[in-house]
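> Can you look at this prediction? I've put the sequence above it.
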Amino acid sequence: MTAEDPLGLPGLPRDAEGPVFRAPWEAQAFGMTLTLFDGGCFSWKEWTQTLGAEIAMARERGDADDGSRYYEYWLAALEKLAVAKGLTTRGEMLARKDEWDRAARATPHGKPIVLPGR
């Protein structure tokens, strides 16, 4: 960690204002990670090891190391850590993704997505 990068996250897109996100889901994944960390769900060491392993697997697969998929790896690491810590199950995550997909496809462009029964 440094004064310029207080979280110790190499390659994190940033500008003079701080972290920069290309899509809302990236900011949401970032926020969920910090909220779970702040809530004591995992240590920062566990987080960095999980994210590092995800990035290493991507490199082994030959993914381009240009930063464009950083938050995809971030989200994959968050999902793996959440399952490993018993915060959710793989099945629960897949069911929720399916619910969101169906709701998004049924929602007219520009309208908020609403999950049925929620």
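Noted; the coordinates are in hand.
> in the protein, which residue is closest to the centre?
Per C-alpha atoms, centre = their mean, the C-alpha nearest to the average position across the chain is that of residue 75, at 2.7 Å.
> Let me know whether that one touches residue 29 as I believe.
Yes: here residue 75 reaches residue 29: they are 4.7 Å apart, a contact under C-beta atoms under 8 Å. For the C-beta atoms, the positions are set from N, CA and C on the backbone; glycine is no exception.
> For the chain, just list every one of the strands.
Counting by DSSP state E, the chain has strands at residues 14-15, 18-19.
> closest one to residue 41 among those?
strand 18-19 (20.5 Å; C-beta to C-beta).
> now the closest one: mean pLDDT?
Mean pLDDT, strand 18-19: 72.
> how distant is that strand from the center of its chain?
Averaging C-alpha positions (C-alpha atoms, centre = their mean, to the nearest Å) puts strand 18-19 16 Å from its chain's average.
> Note down every partner strand of it and its orientation.
Applying DSSP bridges to the sheet, strand 18-19 is found paired with strand 14-15 (antiparallel).
> outside of the partner strand, which residues touch it?
For strand 14-15, contacts defined as C-beta atoms under 8 Å, 6 or more residues apart in numbering pick out residue 20.
> returning to what we had before: could you export the strands of the chain as JSON lines, including distance to residue 68?
Below are the strands of the chain laid out as JSON lines (distance: least, C-beta to C-beta, whole Å):
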{"stretch": "strand 14-15", "distance to residue 68": "15"}
{"stretch": "strand 18-19", "distance to residue 68": "16"}
